[in-house]
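*Asks:* Okay, predicted coordinates and the sequence, questions at the end:
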Amino acid sequence: MTDANVLQRVGKAIAARKKGDPSASYVASLFAKGQDAILKKVAEEAAETVLAAKGGDKLHIVRETADLWFHSLVLLAWHDLAPEDVLAELQRREGISGIEEKKSRG
C-alpha cells in the first residue's frame, strides 16, 4: 500500500534543506544556484518523462515522473509553497469538468 502523505514529508524535507550546505545537499545546491537552475531541472525532467512515455517502459515512466514531481516540489518550495497548496487546488477542481474549470479562470 502506498503512503499518501509521502508528498507532504518530501515537501517538508525540501523546505528544511533550502538553506542547507550546498556541498552536502542536492536541494541546497539547487537553491544556491537560483530559480533558473530549478526551472531548468523541471523542464529537463518533464522532457525525460515525455520520452519515457513514448518508449512505453512503465518502470522508466514511473521513475521519470518521480523525478519530475520531486523537482516540482523543489520549485514550489522556492516560492514558499507546499504540496498541500497543489493538493488543495486539485481538491477544488475535483468533480468539475476540465472544460468548465478552464472557463472559470477567465
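*Replies:* Arrived safely, thanks for sending.
*Asks:* need the contact list for Ala53.
*Replies:* Applying Cβ atoms under 8 Å, 6 or more residues apart in numbering, one finds that Ala53 lies in contact with Ile61. C-beta here means a position set from N, CA and C on the backbone, and glycine is covered the same way.
*Asks:* Helix or strand: which one has the residue nearest the centre of the chain?
*Replies:* The residue lying closest to the centre of the chain (Cα atoms, centre = their mean) is Ser72, at 2.2 Å. Element membership for Ser72 (DSSP states H and E) is helix 58-78.
*Asks:* Against which helices or strands is that helix packed?
*Replies:* helix 6-17, helix 26-33, helix 35-55, helix 83-93 (3 or more Cβ pairs under 8 Å, 6 or more residues apart in numbering; DSSP states H and E).
*Asks:* hmm, try it at 6 Å
*Replies:* Packing partners of helix 58-78 (3 or more Cβ pairs under 6 Å, 6 or more residues apart in numbering; DSSP states H and E): helix 6-17, helix 35-55.
*Asks:* And the pLDDT at the residue nearest to the centre of the chain?
*Replies:* Ser72 carries a pLDDT score of 98 in this model.
*Asks:* one step back: so the helix holding Ser72 versus helix 26-33, what angle?
*Replies:* Put simply, helix 58-78 runs at 50 degrees to helix 26-33, going by axes from the mean of the first three to the mean of the last three Cα atoms, to 10 degrees.
*Asks:* Against Ala52, how distant is the residue nearest to Arg17 when sequence neighbours are not counted?
*Replies:* Leaving aside its sequence neighbours, Arg17 sits nearest to Val27 (Cβ to Cβ, 6 or more residues apart in numbering; 4.1 Å). Distance, Val27 to Ala52, by Cβ to Cβ, to the nearest Å: 23 Å.
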